[in-house]
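J.: What would the 3D arrangement of this be:
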Amino acid sequence: MKKSALIILFSSLLFVDLLPAQTRNDITPHILSMRDRAEVMDRWTEDRLDNLVPELMRRDGIDMWVLVAREYNEDPVLLTMLPATWQSSRRTTILVFFDDGEQIERLAVARYNIGFFETQWFPDQEPDQWKRFGQIVEERDPEKIGVNISGHFAAADGISHTDYKNLENSLTPELQQRIVSAENLSIGWLETRTEEEITVYRQINRIAHNIISDGLSEKVITPGITTTQDVQWWFRERMRDLNLTTWFHPSVTVHRGESAEQTGDFSGPSDSNVIQPGDIIHMDLGIEYLGLTTDTQRNAYVLRQGETEAPRGLRDALAIGNRLQDILTDEFVTGRTGNEILAAALQKAEEEGIKATIYTHPLGYHGHGAGPTIGLWDQQGGVPGKGDYPLYPNTAHSIELNAEVFIPEWNRNILIMLEEDAIFDGEKVWYIDGRMKEFYLIPRQK
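T.: You can find the predicted model right below:
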């Protein structure tokens, strides 16, 4: 990355942090050019390959890790190891890591050098790619050959049936017996955030929050005219204007006093409603930038004539939602499984009289990332498999949940649905760019 781009990026982080929260929303955070992004991402990838892979392989006791993909049918883990200028693998791509006890050898068995991997296959010497792969493995004689197969995590199940059979058939019977699942190794690679990534993640979240703040304001919404679908598409267009992408179509819904009670079933599409005074606007948005994702749900209140703030019942309900966030994040302890965290948090919430639903997930290369699942909205008794994975330090999580609260002014219950991105550093959870403690107001009040 150019030195000037680095200065702009980190200076913008420092500058906006010195400003009041309301002022920050008026600042468009600096967004790198595509060329500068590629330089940053490649530097991150090389650092991760040099320093993170050895740590993870030794943690899981795997001395050879093999990743295989064919063009347009890529292993999700392999995709994160390719150069930023590669949009896919090429032909059959085989990446190999081997730990000889002193250092990690990194090589490719492919028609080309692949960024950070130098190929060891030369067709003029051995035309058969898989035969050459078998020779490489036999020469190194690993004790465990880790392959990306998993019954629970899709992102760790990246090898296709055909590639697996080719891999297996290229090995001697003795070496075939040494094939093991690299599930935990793959998840560790995907979920672990480096120091540089964590630093810049703050900027990425601030960009998302800036988009949300603008979208949930009178800049975009005219009560009585603007529909929830209008706002959804405004979010999509705004992200394109900023040269960003999203990993899901934004959701925008309204909740109002006369509406039926919410069920918590989030599986269906939302209706398109005209936004009116007195509405709560709830939105869900995630951006992709520098190879990392965000996932945020926030709420706005549309002021009625004469109002200068949201009704007391709604403000109190939001405070209960914030308390539920605290209850959940207080249960984050290294080594605890997602199911253990979920059970402890739900028990504490019940003791405090909070009617809670928790469905928190990891975040990183993917919006619904690899790592411990902490509940699903329809599985509050625990999630087999994904919920049994333990919590590790230096991981990002989308703190997603809702609290069902009675609103006196509306004489009914509503769900306060919140989602904020956070880092677990091994000791505590901290929100990457703050969290919502007040409703956005439409129009804004000075």
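J.: From here on, just use CA atoms for contacts and neighbour counts.
T.: OK.
J.: State the distance from the spatially closest residue to Asn394 that is not a sequence neighbour to His368.
T.: Closest residue to Asn394 apart from its sequence neighbours, by CA to CA, 6 or more residues apart in numbering: Asp425 at 4.7 Å. Distance, Asp425 to His368, by CA to CA, to the nearest Å: 19 Å.
J.: what's the neighbour count on the residue nearest to Asn394?
T.: Neighbourhood size, Asp425 [other CA atoms under 10 Å]: 18.
J.: residues in contact with it?
T.: By CA atoms under 8 Å, 6 or more residues apart in numbering, Asp425 lies in contact with Pro393, Asn394, Thr395.
J.: What segments of the stretch 51-200 of the chain are strands?
T.: Taking DSSP state E, counting those that start in this stretch, the strands of the stretch 51-200 of the chain run over residues 64-70, 92-99, 104-109, 118-119, 145-147, 179-181.
J.: can you pull out the strands in the stretch 251-400 of the chain?
T.: For the stretch 251-400 of the chain, the strands defined by DSSP E, counting those that start in this stretch occupy 251-255, 280-285, 287-289, 292-293, 296-302, 355-358, 361-363, 395-407.
J.: Make a markdown table out of these and add mean pLDDT and mean neighbour count.
T.: What follows is those, written out as a markdown table (pLDDT from 0 to 100; neighbours: other CA atoms under 10 Å):
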| stretch | mean pLDDT | mean neighbour count |
| --- | --- | --- |
| strand 251-255 | 95 | 22 |
| strand 280-285 | 97 | 22 |
| strand 287-289 | 97 | 22 |
| strand 292-293 | 98 | 22 |
| strand 296-302 | 98 | 25 |
| strand 355-358 | 98 | 22 |
| strand 361-363 | 98 | 26 |
| strand 395-407 | 98 | 24 |
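J.: out of those strands, nearest to Ser272?
T.: Among these, strand 251-255 comes nearest to Ser272, with 7.7 Å by CA to CA.
J.: List the strands paired with that closest one, with their directions.
T.: Next to strand 251-255 in the sheet, as set by DSSP bridges, lie strand 280-285 (antiparallel).
J.: what's next to the partner strand, contact-wise?
T.: By CA under 8 Å, 6+ apart, the residues outside strand 280-285 that reach it are 208, 212, 216, 246, 248-256, 275, 294-302, 417.
J.: Kindly report the same for stretch 372-385.
T.: By CA under 8 Å, 6+ apart, stretch 372-385 touches 152, 264-265, 337-339, 341-343, 357-362, 386-391.
J.: Val333 and Ala345 touch, don't they?
T.: No. Between Val333 and Ala345 there is no contact under CA atoms under 8 Å: 12.0 Å.
J.: So which of the two has more stuff around it?
T.: Between Val333 and Ala345, counted using other CA under 10 Å, Ala345 has the larger neighbour count: 25 against 20.
J.: What ranges does the protein have for its helices?
T.: Secondary structure of the chain (DSSP state H): helices at 3-17, 21-24, 34-47, 53-60, 76-79, 129-140, 161-169, 173-176, 183-191, 195-215, 228-241, 312-330, 338-351.
J.: Please identify the deepest-packed of those.
T.: Of all the helices of the chain, helix 183-191 has the most neighbours on average by mean count of other CA atoms under 10 Å, namely a mean of 23.
J.: Give me the helices and strands touching it, please.
T.: helix 53-60, helix 76-79 (3 or more CA pairs under 8 Å, 6 or more residues apart in numbering; DSSP states H and E).
J.: just the angle between the longest one and strand 92-99, please?
T.: In this case it means helix 53-60. For helix 53-60 against strand 92-99, the angle by axes from the mean of the first three to the mean of the last three CA atoms, to 10 degrees is 70 degrees.
J.: Show me what helix 53-60 is in contact with.
T.: Contacts of helix 53-60 (CA under 8 Å, 6+ apart): Asp63, Trp65, Asp99, Gln103, Ile104, Asn184, Leu185, Gly188, Trp189.
J.: what is the rounded mean pLDDT of it?
T.: For helix 53-60, mean pLDDT is 97.
J.: distance between that helix and the chain's centre?
T.: Mean-position distance between helix 53-60 and its chain equals 22 Å (CA atoms, centre = their mean, to the nearest Å).
J.: show me what contacts the residue most central in space within the chain?
T.: For the chain, Leu363 is the residue whose C-alpha lies nearest the centre (CA atoms, centre = their mean; 2.3 Å). Taking CA under 8 Å, 6+ apart as the criterion, Leu363 is in contact with Glu191, Thr293, Thr294, Asp295, Gly369, Ala370, Thr395, Ala396, His397, Ser398, Asp421.
J.: Is it possible to get a markdown table of those residues that adds distance to Leu32?
T.: As requested, these are exported to a markdown table (distance: CA to CA, whole Å):
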| residue | distance to Leu32 |
| --- | --- |
| Glu191 | 24 |
| Thr293 | 16 |
| Thr294 | 17 |
| Asp295 | 20 |
| Gly369 | 24 |
| Ala370 | 27 |
| Thr395 | 24 |
| Ala396 | 22 |
| His397 | 24 |
| Ser398 | 24 |
| Asp421 | 21 |
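J.: Surely Val68 touches Leu95?
T.: Yes. Look at Val68 against Leu95 with CA under 8 Å: they come within range, at 6.5 Å.
J.: more crowded one of the two?
T.: Val68 (25 against 21).
J.: List the contacts of that one.
T.: Each residue near Val68 by CA under 8 Å, 6+ apart is listed here: Glu74, Asp75, Leu78, Thr92, Thr93, Ile94, Leu95, Gly158, Ile159, Asp163.
J.: So what's the predicted local confidence for the first one?
T.: This points to Glu74. Looking at Glu74, its pLDDT is 92.
J.: One more: the one 5 residues further on?
T.: The predicted local distance difference test score for Leu79 is 95.
J.: just checking, it touches Ser89?
T.: Yes. The pair Leu79 / Ser89 is scored as a contact, 7.4 Å apart, by CA under 8 Å.
J.: Walk me through the domains of this protein.
T.: Split into domains by automatic domain parsing, the chain comes to 34-189, 200-442.
J.: Between the ones you listed, which one is closest to Ile27.
T.: Ile27 lies closest to domain 200-442 among the domains of the chain, at 7.6 Å (CA to CA).
J.: mind checking the end-to-end distance for the closest one?
T.: End to end - CA to CA - domain 200-442 spans 30 Å.
J.: Using JSON lines, please lay out the strands of the stretch 51-200 of the chain together with mean pLDDT and distance to Asp241.
T.: Shown next, in JSON lines, are these (pLDDT from 0 to 100; distance: least, CA to CA, whole Å):
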{"stretch": "strand 64-70", "mean pLDDT": "96", "distance to Asp241": "33"}
{"stretch": "strand 92-99", "mean pLDDT": "96", "distance to Asp241": "35"}
{"stretch": "strand 104-109", "mean pLDDT": "96", "distance to Asp241": "38"}
{"stretch": "strand 118-119", "mean pLDDT": "94", "distance to Asp241": "38"}
{"stretch": "strand 145-147", "mean pLDDT": "98", "distance to Asp241": "40"}
{"stretch": "strand 179-181", "mean pLDDT": "98", "distance to Asp241": "42"}
